[in-house]
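Visitor: here's my sequence, what's the structure:
(chains A and B)
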Number of protein chains: 2
Amino acid sequence: MLADELRTPALLVDGDAFARNVATMSAALPGPRLRPHVKAFKSTAIARELATAGHRHLCGATLRELAGLAAAGLGDDLLLANETVDEDHLREVVDGGGRITVAVDSSETVEVAARAGVTEVLIDVDVGMPRCGCRPEDAGGLADAARAAGLEVRGVMGYEGHLMTADPATKTERVAASMALLTAAHAAVGGEVVSGGGTGTYAVNRACTEIQAGSYALMDTSYGATDVPFEQALRLLTTVVSVHRQGGWAVLDGGLKALGMDHGNPTVDGGEVWFCSDEHTTYAPADGSPLPQVGDRVTMVPAHVDPTVAYHERFHVVSGGEVVDVWPIDLRGW
Amino acid sequence: MLADELRTPALLVDGDAFARNVATMSAALPGPRLRPHVKAFKSTAIARELATAGHRHLCGATLRELAGLAAAGLGDDLLLANETVDEDHLREVVDGGGRITVAVDSSETVEVAARAGVTEVLIDVDVGMPRCGCRPEDAGGLADAARAAGLEVRGVMGYEGHLMTADPATKTERVAASMALLTAAHAAVGGEVVSGGGTGTYAVNRACTEIQAGSYALMDTSYGATDVPFEQALRLLTTVVSVHRQGGWAVLDGGLKALGMDHGNPTVDGGEVWFCSDEHTTYAPADGSPLPQVGDRVTMVPAHVDPTVAYHERFHVVSGGEVVDVWPIDLRGW
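Guide: Numbers count the residues shown, from 1 in each chain, chains lettered A, B, ... in the order given. Got it, this is the predicted structure:
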């Protein structure tokens, strides 16, 4: 089937760009040096591609992601890179099989992990972004509490999310300062694992034994504006459903329910996006380019991959204009 | 089941507020004076509630919405309040049964409708918002073309979306000016239907024979800041998964994949939202209120209902703290 025959809106993955992104990252961080974060793509099919590339230790942000990975035979070493206090759900995931490690940052999350039958945890440390993670100086005590609760502490985790798109001129130094907090916590906690990082810092993060990157596989515009060597592999295919020749605008059949909008509007090659509505994007061709015809296909690049993917049921993998594979987005929801 | 026992993040509908919203709108626009727009809630269960309240003529923005409504026995009079050039998909919907009317604004959409077996159309007219709709002066000619193609032209449609949250002091006047364009087009087109309007203009739109409102049923913060008499009935239930006492923030387990973000951040009662991440919202209590405990439940109000709903699988209808019903969000996707 040709990509241009798909019903729209439809997510397209450039299969060749995806393969190059995977190869570039695998060369930099082979095997378990990378722990791909499945939240970026929510698809066991993509997780399997990355496992085939050597990265069999995976992480997720939700229990559903972990359950789906284990059920798909990808449970060698799964990390919930997030906190949960849902004991019943966590027990379901543990009982579902696979090696399950969870992040903990409080006595409550330690207790829930122990009661749910988890055996291994990482101490999640605040390294400068105001989200989850205990204070570095509390990490050792929390590790003691976890061990007292019968848990094995594999090490520490700390996500420097506030530095993912930092100025390249200062990124290395700022990441080092952030990771010094994690290294200090690790000294107090012990264990073999120091987990953190992401697509924006994978090349400069020297402290982590494993990097939790996921966005690199499909990429998006905010990372594309930085110095990372990955290509845009995800686009939204749309159809022109209306053209206003006098007004100079055209309307595409993909909008707020097909695009994560927290990083702003999508981009249209050769066009300027005016605004998105629920099921539409209104745009104008740039610099005197002609308006399209009703029925033409136009692709957009979402500003933020992760919440874009979560709206869709499948990726269409395209090479040379042909749809060569369909990857279900089967890890959505909670 | 108590609402507080739900897995989170979870969408809650205040069943009593919803019932009051439905009653308020039905009193203002009884029966077919309202054509509820299902894009706002994407649920046949809610559509059935509105049909039971007398509104059996419905509209949608996608073909999947129409197909699902017809399959649920709600196909008395369904309007695709949008343009499509997907002939195969449109034919499937026509063949699926129900009375199907589609909006057209170009020769291309007229031809697709005729080829797909559609029998009835509305001429969609640009009334001031740069999206779909032909110029008012072209409406009569397009109606002639539609009739020449064998289609019955039921009338016109024009959506004054740019005025939904206009200043109340000038809204009536601006809506009247916008609708004057639709009335002029209607004079050239003929037919019995003049369709348009929405939650923000239903009370002041005097030109339309039917109002396409949907957001009023669940409401959201941007409409809540205007003068409409509807109550917030939709909330996102979350759990506190991390608290940073020294930093003064707490982290909720609902974020960018559970909230439509195009209208900005959600709101937390008694709190100030700092930012949302994929699966988290970081906030601080307002004005000296104490931080919550890990495990506490906190509800957020999404800034925009429609793209929020599209992330979720179901609504939990709550009354007196009990979950009294579950409404599948079964009209998602395309």
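Visitor: C-alpha only now, for contacts and for neighbours.
Guide: Will do.
Visitor: do I have it right that A:R99 meets A:L78?
Guide: Yes - A:R99 lies in contact with A:L78 (Cα atoms under 8 Å); the separation is 5.9 Å.
Visitor: touching, A:Q232 and A:Y223? I think so.
Guide: No - A:Q232 lies out of contact with A:Y223 (Cα under 8 Å); the separation is 9.3 Å.
Visitor: re earlier: neighbour count for A:R99 and A:L78, which is higher?
Guide: A count of neighbours by other Cα atoms under 10 Å in any protein chain shown puts A:L78 above the other of A:R99 and A:L78, at 23 against 17.
Visitor: kindly export the host helix or strand of the more buried one (C-alpha atoms) in PDB.
Guide: Using DSSP states H and E, A:L78 sits in strand A:77-80. Written as PDB, here are the backbone C-alpha positions of strand A:77-80 (Å, rounded to 0.1, in the frame of the first residue of the first chain):
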ATOM      1  CA  ASP A  77      15.000  -6.200  32.900                       C
ATOM      2  CA  LEU A  78      12.200  -3.600  33.200                       C
ATOM      3  CA  LEU A  79      12.500  -0.400  35.300                       C
ATOM      4  CA  LEU A  80       9.500   1.700  36.300                       C
END
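Visitor: list the pairing partners of that strand within its sheet, with orientation.
Guide: Here strand A:77-80 has these sheet partners by DSSP bridges: strand A:57-60 (parallel), strand A:100-104 (parallel).
Visitor: make CSV from the ones you listed and add distance to B:V121 and mean neighbour count to it.
Guide: Listed next are the strands paired with strand A:77-80 as CSV, based on distance: least, Cα to Cα, whole Å; neighbours: other Cα atoms under 10 Å in any protein chain shown:
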stretch, distance to B:V121, mean neighbour count
strand A:57-60, 47, 26
strand A:100-104, 56, 27
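Visitor: follow-up on the earlier one: list the contacts of the strand holding A:L78.
Guide: Strand A:77-80 has contacts (Cα atoms under 8 Å, 6 or more residues apart in numbering or on different chains) with A:56-63, A:66, A:98-103.
Visitor: quick one: distance of it to the chain centre.
Guide: 14 Å (Cα atoms, centre = their mean, to the nearest Å).
Visitor: cool, and stretch A:111-119?
Guide: So, by Cα atoms, centre = their mean, the centroid of stretch A:111-119 is 26 Å from its chain's centroid.
Visitor: now do that stretch, average pLDDT.
Guide: Stretch A:111-119 shows a mean pLDDT of 98.
Visitor: next SSE downstream of the strand holding A:L78?
Guide: Criterion used, DSSP H and E; the element after strand A:77-80 is helix A:87-95.
Visitor: can I get that following helix as PDB, trimmed to CA atoms?
Guide: Extracted C-alpha coordinates of helix A:87-95, given in PDB (Å, rounded to 0.1, in the frame of the first residue of the first chain):
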ATOM      1  CA  GLU A  87      -0.100  -1.500  45.400                       C
ATOM      2  CA  ASP A  88      -2.700  -3.700  43.600                       C
ATOM      3  CA  HIS A  89      -1.600  -2.600  40.200                       C
ATOM      4  CA  LEU A  90       2.000  -3.000  41.000                       C
ATOM      5  CA  ARG A  91       1.400  -6.500  42.400                       C
ATOM      6  CA  GLU A  92      -0.400  -7.400  39.100                       C
ATOM      7  CA  VAL A  93       2.700  -6.300  37.200                       C
ATOM      8  CA  VAL A  94       5.100  -8.300  39.400                       C
ATOM      9  CA  ASP A  95       2.900 -11.400  39.200                       C
END
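Visitor: next, the angle strand A:100-104 makes with it.
Guide: 150 degrees (axes from the mean of the first three to the mean of the last three Cα atoms, to 10 degrees).
Visitor: tell me which residues in helix A:87-95 are buried?
Guide: For helix A:87-95, a neighbour-count test (16 or more other Cα atoms under 10 Å in any protein chain shown) marks A:E87, A:H89, A:L90, A:R91, A:V93, A:V94 as buried.
Visitor: among those residues, which one sits closest to B:A250?
Guide: For the buried residues of helix A:87-95, the residue nearest B:A250 by Cα to Cα is A:E87; the value is 19.8 Å.
Visitor: just checking, that closest one touches A:E111?
Guide: No - under the criterion of Cα under 8 Å, A:E87 makes no contact with A:E111, lying 9.2 Å away.
Visitor: what residues does A:R35 make contact with?
Guide: By Cα under 8 Å, 6+ apart, A:R35 lies in contact with A:H55, A:R56, A:H57, A:L58, A:C59, A:E210, A:I211, A:Q212, A:A213.
Visitor: okay, now the closest residue to A:L236 other than its chain neighbours: neighbour count?
Guide: Among residues not flanking A:L236 along the chain, A:L11 sits closest, at 4.7 Å (Cα to Cα, 6 or more residues apart in numbering or on different chains). A:L11 is flanked by 26 other residues according to other Cα under 10 Å.
Visitor: surely A:L11 is in a helix?
Guide: No - counting by DSSP: H, G, I helix; E, B strand; the rest coil, A:L11 is not part of a helix but strand.
Visitor: on the three-state scheme, A:T170 is what?
Guide: What three-state DSSP gives for A:T170 is helix.
Visitor: what residues are up against it?
Guide: No contacts exist for A:T170 under Cα under 8 Å, 6+ apart.
Visitor: now do the domain split for chain A, please.
Guide: Taking automatic domain parsing as the reference, chain A has its domains at A:3-10+A:231-328, A:30-212.
Visitor: got these as JSON lines, with distance to B:D126 columns?
Guide: As requested, these are exported to JSON lines (distance: least, Cα to Cα, whole Å):
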{"stretch": "domain A:3-10+A:231-328", "distance to B:D126": "9"}
{"stretch": "domain A:30-212", "distance to B:D126": "38"}
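Visitor: quick one, strands of the stretch 51-200 of chain A?
Guide: Ranges of strands within the stretch 51-200 of chain A are A:57-60, A:77-80, A:100-104, A:120-124, A:152-158, A:193-196, based on DSSP state E, counting those that start in this stretch.
Visitor: wait, which of the ones you listed is closest to B:V309?
Guide: Nearest of the strands of the stretch 51-200 of chain A (Cα to Cα): strand A:57-60, 22.9 Å.
Visitor: just to revisit the earlier point, the strands paired with strand A:77-80: which one's closest to B:R115?
Guide: strand A:57-60 (47.0 Å).
Visitor: who in the stretch 201-334 of chain A is up against chain B?
Guide: Counting by Cα under 8 Å from any Cα of the partner chain, the stretch 201-334 of chain A comes close to chain B at A:241-244, A:247, A:249-251, A:256-257, A:260-262, A:264, A:278-280, A:282, A:294-295, A:306-307, A:310-313, A:333-334.
Visitor: if we use 7 Å, what do you get?
Guide: Counting by Cα under 7 Å from any Cα of the partner chain, the residues of the stretch 201-334 of chain A close to chain B are A:241-242, A:251, A:256-257, A:261-262, A:278, A:282, A:294-295, A:307, A:310-312, A:333.
Visitor: for chain A, what spans make up the helices?
Guide: Taking DSSP state H as the criterion, chain A carries its helices at A:15-28, A:44-52, A:63-71, A:87-95, A:107-115, A:139-148, A:168-189, A:221-224, A:305-309.
Visitor: so which of those helices is the most packed in?
Guide: Per residue and on average, the most neighbours among those fall to helix A:305-309, with a mean of 25 (mean count of other Cα atoms under 10 Å in any protein chain shown).
Visitor: which ones are touching A:T62?
Guide: Going by Cα atoms under 7 Å, 6 or more residues apart in numbering or on different chains, A:T62 touches A:L80, A:W334.
Visitor: 10 Å instead?
Guide: A:T62 makes contacts with A:38-39, A:79-84, A:331-334, B:253, B:279, as judged by Cα atoms under 10 Å, 6 or more residues apart in numbering or on different chains.
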